[in-house]
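> Sharing a model that was predicted from the sequence below.
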Amino acid sequence: MPAVPFTADDTDRLRETLAEVVADGATPGGVVICGTVDGEKHVLTAGTVAPELGDVPPTERTVYDIASLTKVVATWPLIGQVLDTGLGDLDAPVRDMLPAMNGETPSGEATLRQLLTHTSGLRASTRLDHYRGASAPLYELLCREPLEDTPGRHRYINRGYILLGLALAHVHGAHLNDLADQFWQGVGMPATVYGPVARSRHVAPTEQHLTGAPRIWGTAHDDNAALLGGVAGHAGVFSTPHDLAAYATHLLDAYTRDDAMGQWLRASLVPQAVIETGLERGLSWILAAGGRVAYHHGFTGTSLYLAPEAGRYLAICTNSVYYGNARTRIAPLRELALKMISAAWWSKAPDE
């Protein structure tokens, strides 16, 4: 079946809402890129990359810190490959993918499924700076921590993805950034990398944590990722709207062809836990519209949405964290994006 195209009204509303959040001071600027598996693509821009760069406008090649989109752009596809090659088991403890540890490892008993779905019961607060000076390796420190909650309840937990990143590196005997680079190159995402990246007019700065201190620019905004040298399973990736569109198209095409990645996406669209009314957690992805829409956000002001049955995608790239809490500032744009992508499959349903 052909994909459901974005109409002129769709793109006009997205362009207007993006311009409005920029005008309201929510973000210096941003890019919305949307399209279909058939090759349709629309690039909508507003504002500037950052005030210190003058009137330089953002483009589909502007590099953004995508923060927690790392979970679905790096860790999730790499876990899918591990499962496909038999190097891991979705319902086996993560400790099985890590170096052998003697004694009790309560958090190491969490399964890959539980870590992917944020239902592991691990500690929700993650402060890797508390481990400075520890003699044991990070994976062991994390695995030996007691659980904070009974497994099964959904709570957003970054340390689970940090463990997944460490497990991926160990099972392959390679650095996580090298594994991710190999995957991204195969997809056609040349600008997507783990940081740091060189400061330039093509790289969007993020937040100034302390008055008088340099603004974060080209290094991971996430403190825990920064402590890990910018390479972690939960955050640290930089990408462009162009590359996110290429990634989304790759996933939608895989879904259509039902190859290994397509099957992994299909499996990930099965609800695993309730987040709130109308929203569930799949494997990594947030699910809406009864599992027909998958999406994820990044704290810095990024989002990626997929509607596989409709063959549609939409990505938001902003550095709205430049001015503080990005979540509330760009909420109108994210709400419209979810509404638009969720409505798409209804348009296709009568033909199925």
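On my side now, so go ahead.
> Is Phe238 part of a helix or strand, or is it coil?
Using DSSP: H, G, I helix; E, B strand; the rest coil, the secondary structure recorded for Phe238 is strand.
> middle-most residue in this protein, spatially?
The C-alpha lying nearest the average C-alpha coordinate of the chain belongs to Leu69 (Cα atoms, centre = their mean; 1.4 Å).
> Pretty sure it sits in a helix.
Yes: under three-state DSSP, Leu69 sits within a helix.
> Quick check: pLDDT value at the residue lying closest to it once chain neighbours are set aside.
Once flanking residues are discounted, Leu69 sits nearest to Gly298: 4.2 Å by Cβ to Cβ, 6 or more residues apart in numbering. C-beta here means a position set from N, CA and C on the backbone, and glycine is covered the same way. Looking at Gly298, its pLDDT is 97.
> Kindly export the lowest-mean-pLDDT helix or strand in the chain (C-alpha atoms) in PDB.
One helix or strand of the chain scores below all others by mean pLDDT, DSSP states H and E: helix 326-329, with a mean of 77. This file holds the C-alpha atoms of helix 326-329, laid out as PDB (Å, rounded to 0.1, in the frame of the first residue of the first chain):
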ATOM      1  CA  ALA A 326      12.800  22.200  26.800                       C
ATOM      2  CA  ARG A 327      10.000  19.900  27.700                       C
ATOM      3  CA  THR A 328       7.500  22.600  28.500                       C
ATOM      4  CA  ARG A 329       8.800  25.200  26.000                       C
END
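> From the chain's centroid, how far away is it?
Helix 326-329 sits 16 Å away from the centroid of its parent chain (Cα atoms, centre = their mean, to the nearest Å).
> And for that helix, what's in contact with it?
21, 26-27, 297, 299-301, 318, 320, 323 (Cβ atoms under 8 Å, 6 or more residues apart in numbering).
> Recalculate using a threshold of 6 Å.
The contact list for helix 326-329 (Cβ atoms under 6 Å, 6 or more residues apart in numbering) reads 26, 301, 320.
> can you pull out the helices in the stretch 51-200 of the chain?
Assigned by DSSP state H, counting those that start in this stretch, the stretch 51-200 of the chain shows helices spanning 70, 76-84, 112-116, 138-143, 158-172, 176-187.
> Pick the most buried one from those helices.
helix 70 (a mean of 30; mean count of other Cβ atoms under 10 Å).
> which helices and strands sit right next to it?
Contacting helix 70 under the criterion 3 or more Cβ pairs under 6 Å, 6 or more residues apart in numbering; DSSP states H and E is no other helix or strand.
> Quick check: mean pLDDT of it?
98.
> ditto for stretch 217-233
For stretch 217-233, the per-residue pLDDT averages 97.
> what's the answer for stretch 188-197, then?
Averaged over stretch 188-197, pLDDT sits at 98.
> Buried residues of that stretch, list them for me.
For stretch 188-197, the neighbour count (16 or more other Cβ atoms under 10 Å) marks 189, 191-197 as buried.
> how long is that stretch from one end to the other?
19 Å (Cα to Cα, to the nearest Å).
> Identify the residues contacting it?
The set of residues external to stretch 188-197 that reach it, using Cβ under 6 Å, 6+ apart, is 177, 184, 203, 218-220, 230-231, 236-240, 243, 246-247.
> of those, closest to Thr150?
The closest of these to Thr150 turns out to be Gly236 (Cβ to Cβ; 30.1 Å).
> and that closest one, how many neighbours?
Burial of Gly236 is recorded as 31 neighbouring residues (other Cβ atoms under 10 Å).
> Would you mind measuring from Leu112 to Thr240?
Leu112 is 29 Å from Thr240, where distance means Cβ to Cβ, to the nearest Å.
> pretty sure Ala248 is touching Tyr313, no?
Yes: contact criterion Cβ atoms under 6 Å: Ala248 and Tyr313 qualify, at 3.4 Å.
> Between these two, which is the more surrounded one?
Tyr313 (28 against 24).
> what number of residues lie near Arg15?
By the measure other Cβ under 10 Å, the count of residues near Arg15 is 15.
> make that Asp129, sorry
Here the number of neighbours of Asp129 (other Cβ under 10 Å) works out to 9.
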